[in-house]
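In: sequence and predicted structure, then a few things I'm wondering about:
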Amino acid sequence: MERTRDLQHHSCEKNLNGWINGFIGVVIFSASLPATKVAVLEFDPVFLTLARATIAGVLALAMLGLLKARRPERIQLVPLLLVATGVVVGFPLLTALALQHVTSAHTIVFLGLLPLSTAAFAVVRGGERPRPAFWCFSILGSTCVVAYAISQGLKAAPEGDILMLLAVLICGLGYAEGAKLSRTLGGWQVISWALVLSLPVMAPLAWLWAPSSFAGVHLPAWLGLAYISVFSMLIGFVFWYRGLAQGGIAAVGQLQLLQPFFGLALAATLLHETISLGMFGVTAAVILCVIAARKFSR
């Protein structure tokens, strides 16, 4: 009986740590789209994607060397490539391209779809089986986001919305695959090795795609590039993958429903973008959905 209580206590503590780490990751990610919006105003979106991956890859390589991390096994290489495709290349590139057509506030609303995408891949790739009520609240939260997007922006800039939908889909795969791999390889090691595997391709392309001169690039754009390279591309994933592995991919993934709230606040504060009452209404609805989804996640 005592052993059972100890196991239950350990499980609850691990679950709580997972939600704490996941929350820290979400807070870090919340500034990604506003920072990308600032950077893409003066950097080409393709170069921005290549540059952020290259900078983060160099930092990851140094971190792996200094901490003497073990190399991934051969069977782990394909999942690492899927992580790299989803979160190192796919999501950054697609969101940067989308931000050429829509505001960061508009793209942030689409992030409400990420929990549903992540949960779906948690079932397909992670072997998780949330309860039926979980799916009801996850779908409800995502439906609120999609309905708002359709009512506000699909007619105005369909290119941006299509790019964001593709970004959400491929990012969900990268999140679920990385979280599954984190259980055996470790959270910070997963994103670090994914970045290092991408480095031989991303670094030469970044050099080839670089503009002939950076004279016209101002400090805000450089700060935006620095943030998405160091925090969005590396540090945020250290907390995020650890949280997903500890608390469950589908469950902790619902925290992404909070990301629009933080992101919209940053967009209004830093970029002076207009935030409508409808945006706040959607955010409030998805916050209620994440609370309910967490209750029925297991």
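Out: Perfect, I can see it now.
In: alpha carbons only for contacts and neighbour counts from here, please
Out: OK.
In: pretty sure residue 91 sits against residue 165.
Out: No - under the criterion of CA atoms under 8 Å, residue 91 is not in contact with residue 165, lying 10.0 Å apart.
In: more neighbours: which of these two?
Out: Taking neighbours as other CA atoms under 10 Å, residue 91 and residue 165 compare with residue 91 leading, 24 against 20.
In: which ones are touching the spatially closest residue to residue 113 that is not a sequence neighbour?
Out: Residue nearest to residue 113 in three dimensions, not counting chain neighbours: residue 142, with 5.0 Å by CA to CA, 6 or more residues apart in numbering. Counting by CA atoms under 8 Å, 6 or more residues apart in numbering, residue 142 touches 112-113, 115-116, 286.
In: so which strand or helix has residue 142?
Out: Using DSSP states H and E, residue 142 maps to helix 132-152.
In: low-confidence regions, the stretch 51-200 of the chain specifically.
Out: Scanning the stretch 51-200 of the chain for pLDDT under 70 picks out 104-105, 108, 146, 149-150, 152-157.
In: do a quick rundown of the helices in it.
Out: Counting by DSSP state H, counting those that start in this stretch, the stretch 51-200 of the chain has helices at residues 77-83, 91-98, 104-110, 114-124, 132-152, 158-185, 187-209.
In: in the first one, what counts as buried?
Out: Within helix 77-83, the residues that qualify as buried are 79-83, counting by 16 or more other CA atoms under 10 Å.
In: same thing with the fourth one?
Out: Using 16+ other CA under 10 Å as the burial criterion, the residues of helix 114-124 that qualify are 114-122.
In: could you dump these to JSON lines with distance to residue 170?
Out: Below are these laid out as JSON lines (distance: CA to CA, whole Å):
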{"residue": "114", "distance to residue 170": "10"}
{"residue": "115", "distance to residue 170": "12"}
{"residue": "116", "distance to residue 170": "12"}
{"residue": "117", "distance to residue 170": "9"}
{"residue": "118", "distance to residue 170": "9"}
{"residue": "119", "distance to residue 170": "13"}
{"residue": "120", "distance to residue 170": "12"}
{"residue": "121", "distance to residue 170": "10"}
{"residue": "122", "distance to residue 170": "13"}
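In: check which helix or strand the closest residue to residue 30 other than its chain neighbours maps to.
Out: Among residues not flanking residue 30 along the chain, residue 263 sits closest, at 4.7 Å (CA to CA, 6+ apart). Assessed by DSSP H and E, residue 263 sits inside helix 259-270.
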